[in-house]
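> Turn this into a structure:
(one chain, ligands or ions: 2)
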Amino acid sequence: MAAIRSHVKVRMQRAGGRVAELVTFTGIYDGLEHFACVFGEPRPEALVRLHSECLTGDVFASTRCDCGAQLDEALRRLAAEDGVLLYMRQEGRGIGLYNKIDAYSLQDHDIDTFRANELLGRGRDERDYGAAAEMLRALGVERVRLLTNNPDKCRQLEENGISIVAQERTGVYLTPDNRAYLADKAAQSGHLLPGMESLS
Ligand SMILES: Nc1nc2c(ncn2[C@@H]2O[C@H](COP(=O)(O)OP(=O)(O)OP(=O)(O)O)[C@@H](O)[C@H]2O)c(=O)[nH]1
Ligand SMILES: [Zn+2]
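Ligands and ions are numbered 1, 2, ... in the order given. Below you'll find the predicted structure:
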């Protein structure tokens, strides 16, 4: 299997924000257009956010989940202290946008987020972070502080040769619409969301 290599780097600036380098890659084995945003010169033990695509949350600021608020927090922190955002095209925990919308429809009938995936004939969480590990290696970033509440991201990166020197949690972004979702993530997939487990 060909190694993943960084391909093209272009300047990208968020309105009012800091300039980052947007990096594409060749050799990504899952065929998805993952990319990185690199802020400054990432040091050893760089801050890294491994963010799974959520069109509804990231672009439309949907309050059904916490993704948009987490992405905002990550971009603010990375702009302040340098580091890397990996934007992984893993919409809907890997089942895609249309399936996620179908899963939302089931959740509107009191099915939880993980069971909804199963009822659609899909895995509870289909994300694989092997490509993310290779992207970090291609960027020369192999010891990281990972900004996430999801222990599976740390486990999978470690299994793929990236050292997690610290797991740094994001804030807990509770809304009236995402209460059950956050509670189920805490209770069923071990996300570190203090105070949410007991609400499941
Ligand atoms: N299938 C499905 N996917 C969802 C649902 N809500 C959000 N997602 C997707 O879940 C992914 C984000 O996963 P989360 O569990 O919120 O967070 P995480 O990435 O595991 O953990 P953090 O690093 O702490 O953000 C994105 O790809 C979203 O599109 C849902 O109800 N069903
Ligand atoms: Zn989301």
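> Is it correct that Val144 is in contact with Glu45?
Yes - checked against C-beta atoms under 8 Å, the pair Val144 and Glu45 is within contact range at 6.8 Å. Where you see a C-beta, it was placed from the backbone N, CA and C, and this is true even at glycine.
> Looking at these two, which one has more neighbours?
Val144 (26 against 16; other C-beta atoms under 10 Å).
> Not counting residues beside it along the chain, what's closest to the more buried one?
Val48 (4.3 Å; C-beta to C-beta, 6 or more residues apart in numbering).
> got the residues of the protein near ligand 2?
Contact residues (C-beta under 5 Å from the ion) of the chain with ligand 2: Cys54, Gly57, Cys65, Cys67.
> which residues touch the third one?
Contact partners of Cys65, counting by C-beta atoms under 8 Å, 6 or more residues apart in numbering, are Cys54, Thr56, Gly57, Asn178, Tyr181.
> Intersect these with the contacts of ligand 1.
Restricting the contacts of Cys65 to those within reach of ligand 1 (C-beta under 6 Å from any ligand atom) leaves Cys54.
> The residue nearest to the spatial centre of the chain sits in which helix or strand?
Taking C-alpha atoms, centre = their mean, the centroid of the chain lies closest to His51, which sits 2.1 Å from it. Using DSSP states H and E, His51 maps to strand 46-52.
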